[in-house]
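Student: Structural data only, the sequence is not supplied:
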């Protein structure tokens, strides 16, 4: 029976743009209703972009691995290796050497994961956990051995060079003027855009360019199709002459390299720390969550990384009051969702939405500030809530995490 | 089929492999591996290191058991870390506030610990069963969040007590403590006995009860178990809660036997160690005990490496290598056994001279 393909009325990129504008609209309303300008300020957007990058790169790493059928919980460990590699390379040979060394170190972690999972058929999560342990141990050991004589502190590297930044000067000035004019929505949009185009490092541009590149390679080339077929049905792929082992290995090398680059973005961007123990702070896992949130697709994971980066950047830039204002924004967003669900006659979903909105509003109304100890975990809370709300209509690659051995079913 | 070879060889291979690999790392960094290993083993007989090792192993053992219960159901409870820390802070607060007669106080504290561990494990369990959220991601987020919860609860505005520079919960009264067993220059946690009991209960539940059988069966194959009338969702929920309940006890040996308070600076990472220990012990209670002892030994005696100017992080690398190589070694030995079996069958068939043309089976 031929599968009837529903014609999409709106192309994917337009849908993304609509979501983006909706998000800015909600933030604009929340910003004016609560009087917290930090929600859409240039500074917040700037910090959010910096914090979204490691998450974005890890999510991309996860995408490459899982599209080839390998679950990569080890992203965190590969990222830690990347932070060490970045600091070491940058200290000796400048920022670009740092970036390359970070990618190489991350890819080594990816290679190890491939050897364990593809060649030796080890459970993917077990191997990932071992790599996280190993990544942390190796980075600590190497930092102790090589950085301690230079910095005098085993938990830290000596100061390393950072990427130069570039701004679109004229556009930036114009947007800054717009932001000062305090016009609803336009000024907010200008503030956010301004944060995204001022003082941008080459690494940032590369990272963002990697999203469409990943899409093109994975969905529009023969290599990508073969790679994805390994994640959907490796037995069928093998029978059609695809070298499944090879494709999985390549995917894992790329995945580890991207995670390493994510580590580099923590070290080599202005405003970030040099190599520091525990600086990755579970971002590898948040990247994985961003990928799941994005339904294993590049455009979606960009949205997920933006969301978590924004939550992280906001708490850093604005603290408790800003997070409370974000709650207010969430109430507005929930109101929109409830309206849509009512329109679709999804009564239960609408009722749940009303309940959630009421709860959030109650928290907003009764608190002037949130406990400062919990604020740094905003992105984690957002991850949990978003996964709970969004994870049901998602479709992972069919053979994701399945153990595959040539010649066996 | 599991012979002694498939059971014992892989962990031994893994340890040998880890020793060789770390020796290479040591040589590269300019240290003498023999001297390093000698120092580590020598440390075991100095002062109270041996008793400390057993004490630490008790904690790891509980954590390993908690993880192993999840493994039986194919659940990956990375969240033991968050569950035990949540249980520790809640139990320390309630235990410090309670005023009860001796034994009852201890029992009340342990019940609170189990219940609060279950409570924190219920979040990922419910999310998984009702919304299909991967327990791996949700528990990782909860592990991170627990740091904030501990910091929040231990704050002087909430339940914290400032003593000098340190801030922690109120001290648990004498009645709520578990006395230690003095051995040599150290003191063994009294909780060691309780941990052994829990290990025995775990073994009994798994091998001698219907529930244990259903747990293992639905871990092997949810569809097959469902055909046999086992509700996989219910099993997932129960396994996660049980795992969380045992996780709630992880901090108790130290809380009731040594520290009596819990604060931000209290020990962490026991949950992650539990994963490694459960893997090493292949979910078998005796195996987990050996794994816990090995891990505790590496942790405790690595400190002595500083005396000979070797970074103690080499022990972490060794632990990582052991975990990875033990799972790989199991796979290699399994394949070797399989190949040997095939050869044996092949020889037996060839000996009979049976072929299809002579009417033999293929």
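Tutor: Noted; the coordinates are in hand. Predicted model only: the values in this text are computed from it and were never measured.
Student: Count the neighbours of the closest residue to chain B within the stretch 151-300 of chain A for me.
Tutor: Ranking the residues of the stretch 151-300 of chain A by distance to chain B (CB to the nearest CB) places residue A:285 first, at 4.4 Å. Placement of C-beta: from N, CA and C, glycine included. Around residue A:285 sit 28 other residues, with neighbours defined as other CB atoms under 10 Å in any protein chain shown.
Student: doesn't residue B:138 make contact with it?
Tutor: No: under the criterion of CB atoms under 8 Å, residue A:285 is not in contact with residue B:138, lying 10.3 Å apart.
Student: hmm, back to that, please identify the helix or strand for the closest residue to the residue of the stretch 151-300 of chain A closest to chain B other than its chain neighbours.
Tutor: Distances taken as CB to CB, 6 or more residues apart in numbering or on different chains put residue B:140 closest to residue A:285, at 4.4 Å, once the chain neighbours are dropped. Residue B:140 belongs to helix B:135-154 when elements are defined using DSSP states H and E.
Student: Packing partners of that helix?
Tutor: helix A:283-293, helix A:378-390, helix B:80-97, helix B:102-131 (3 or more CB pairs under 8 Å, 6 or more residues apart in numbering or on different chains; DSSP states H and E).
Student: export those helices to JSON lines and tack on distance to residue B:179 and mean pLDDT?
Tutor: Output for the helices and strands packed on helix B:135-154, formatted as JSON lines (distance: least, CB to CB, whole Å; pLDDT from 0 to 100):
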{"stretch": "helix A:283-293", "distance to residue B:179": "41", "mean pLDDT": "88"}
{"stretch": "helix A:378-390", "distance to residue B:179": "39", "mean pLDDT": "80"}
{"stretch": "helix B:80-97", "distance to residue B:179": "16", "mean pLDDT": "94"}
{"stretch": "helix B:102-131", "distance to residue B:179": "10", "mean pLDDT": "93"}
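Student: Let me know which of these is tucked in deepest.
Tutor: helix A:283-293 (a mean of 30; mean count of other CB atoms under 10 Å in any protein chain shown).
Student: helices and strands around whichever helix or strand comes after that one, which ones?
Tutor: If you walk from helix A:283-293 toward the C-terminus, the next helix or strand you reach (DSSP H and E) is helix A:298-343. Applying 3+ CB pairs under 8 Å, 6+ apart, one finds that helix A:298-343 contacts helix A:12-34, helix A:42-67, helix A:202-220, helix A:283-293, helix A:347-366, helix A:378-390.
Student: most tightly surrounded among those?
Tutor: Of all the helices and strands packed on helix A:298-343, helix A:283-293 has the most neighbours on average by mean count of other CB under 10 Å, namely a mean of 30.
Student: tell me the contacts of the closest residue to residue B:305 other than its chain neighbours?
Tutor: Excluding the flanking residues, the one nearest residue B:305 by CB to CB, 6+ apart is residue B:312, at 5.0 Å. By CB atoms under 8 Å, 6 or more residues apart in numbering or on different chains, the contact set of residue B:312 is B:302, B:303, B:305, B:306.
Student: just residue B:268 next, same as before
Tutor: Residue B:268 neighbours (CB under 8 Å, 6+ apart): B:81, B:85.
Student: returning to what we had before: now do the SS call for the residue nearest to residue B:305.
Tutor: Using DSSP: H, G, I helix; E, B strand; the rest coil, the secondary structure recorded for residue B:312 is coil.
Student: first to last residue in stretch B:252-262, what's the distance?
Tutor: 10 Å (CA to CA, to the nearest Å).
Student: any residues touching it, and which ones?
Tutor: Against stretch B:252-262 from outside (CB under 8 Å, 6+ apart): B:55, B:58-59, B:62, B:88-89, B:91-92, B:95-96, B:106, B:109-110, B:113, B:150, B:154, B:161, B:168-172, B:176-180, B:189-192, B:195, B:251, B:266-267.
Student: Pull the residues that contact stretch B:33-53.
Tutor: If you take CB under 8 Å, 6+ apart as the criterion, stretch B:33-53 is touched by B:19, B:22-23, B:26-27, B:183-188, B:293, B:296-298, B:300-305, B:307-308, B:310, B:314.
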